[in-house]
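In: heads up, no residue letters with this:
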């Protein structure tokens with residue numbers, strides 16, 4: 001009797017395992033179809049995004065190449081003829097601003113650097129940024145240039161050229 005009971009237990013256990021394995025096989029067959037469809041969707045999306053990234057990289061490389069060529073060109077020199085032996089700071093600032101590209105934003109530091117670079121040999125000592133800042137502020141008040149951002153204690157003002 002013990003042999004029959006163990007045989008029946010084994011037989012019923014095998015039936016349960018067979019039923020379970022059939023269910024799992026059917027479930028994973030459904031999952032396989034689902035995952036195949038998902039894989040196809042993600043493969044198409046991956047291909048589309050890769051093409052977009054490659055075209056973006058190509059455009060970025062071309063833009064960087066153009067920017068590097070533009071940066072390599074020397075800025076046009078202001079007219080050295082500003083009159084007297086000791087040039088007027090306002091005239092030097094005006095000449096520097098005239099050769100700046102339209103729409104470019106500049107501040108006292110850039111203008112001071114340009115003045116010292118172009119007119120340095122005619123000056124006794126380099127021009128101070130504070131003095132250039134005063135001239136720029138007066139020019140903005142007169143309407144010759146436009147103020148973009150007011151200067152603060154630790155932040156210089158920003159200006160742009162007015163088109164006439």
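Out: On my side now, so go ahead. Keep in mind that this is a model prediction, so the values were computed, not measured.

In: can we go C-alpha only for contacts and neighbour counts from here?
Out: Fine.

In: can you map out the helices along this protein?
Out: 2-72, 89-99, 108-119, 129-142 (DSSP state H).

In: Put together JSON lines for those, with mean pLDDT on each row.
Out: Listed next are those as JSON lines, based on pLDDT from 0 to 100:
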{"stretch": "helix 2-72", "mean pLDDT": "87"}
{"stretch": "helix 89-99", "mean pLDDT": "89"}
{"stretch": "helix 108-119", "mean pLDDT": "91"}
{"stretch": "helix 129-142", "mean pLDDT": "92"}
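
In: Any idea which of those gets closest to residue 150?
Out: helix 129-142 (9.1 Å; C-alpha to C-alpha).

In: Relative to residue 153, which of the helices of the chain is closest?
Out: For those, distance to residue 153 was read as C-alpha to C-alpha. The smallest value, 11.9 Å, belongs to helix 129-142.

In: measure the residue nearest the centre of the chain to residue 41 for me?
Out: Closest to where the C-alpha atoms of the chain average out (C-alpha atoms, centre = their mean) is residue 60, at 10.6 Å. Distance, residue 60 to residue 41, using C-alpha to C-alpha, to the nearest Å: 28 Å.

In: Where do the domain boundaries of the protein fall?
Out: Residue ranges of the domains in the chain are recorded as 1-73, 89-161, according to automatic domain parsing.

In: Deepest-packed of these, please.
Out: Burial of the domains of the chain is given as mean neighbour count (mean count of other C-alpha atoms under 10 Å); domain 89-161 ranks first at a mean of 16.

In: Now find how far off-centre that one is within its chain.
Out: Distance of domain 89-161 from its chain centroid, counting by C-alpha atoms, centre = their mean, to the nearest Å, is 27 Å.

In: repeat for stretch 63-70
Out: Taking C-alpha atoms, centre = their mean, one finds stretch 63-70 lying 15 Å from the centre of the chain it belongs to.

In: Could you do stretch 61-71 as well?
Out: 14 Å.

In: Equivalent analysis for stretch 45-55, please.
Out: Remark: stretch 45-55 is offset 20 Å from the chain centroid, using C-alpha atoms, centre = their mean.

In: closest one to residue 163 among the helices of the chain?
Out: Closest to residue 163 of these, according to C-alpha to C-alpha: helix 89-99, at 10.2 Å.

In: Next, the angle from that closest one to helix 108-119.
Out: 100 degrees (axes from the mean of the first three to the mean of the last three C-alpha atoms, to 10 degrees).

In: other SSEs contacting helix 89-99?
Out: Applying 3 or more C-alpha pairs under 8 Å, 6 or more residues apart in numbering; DSSP states H and E, we find helix 89-99 packed against helix 108-119, helix 129-142.
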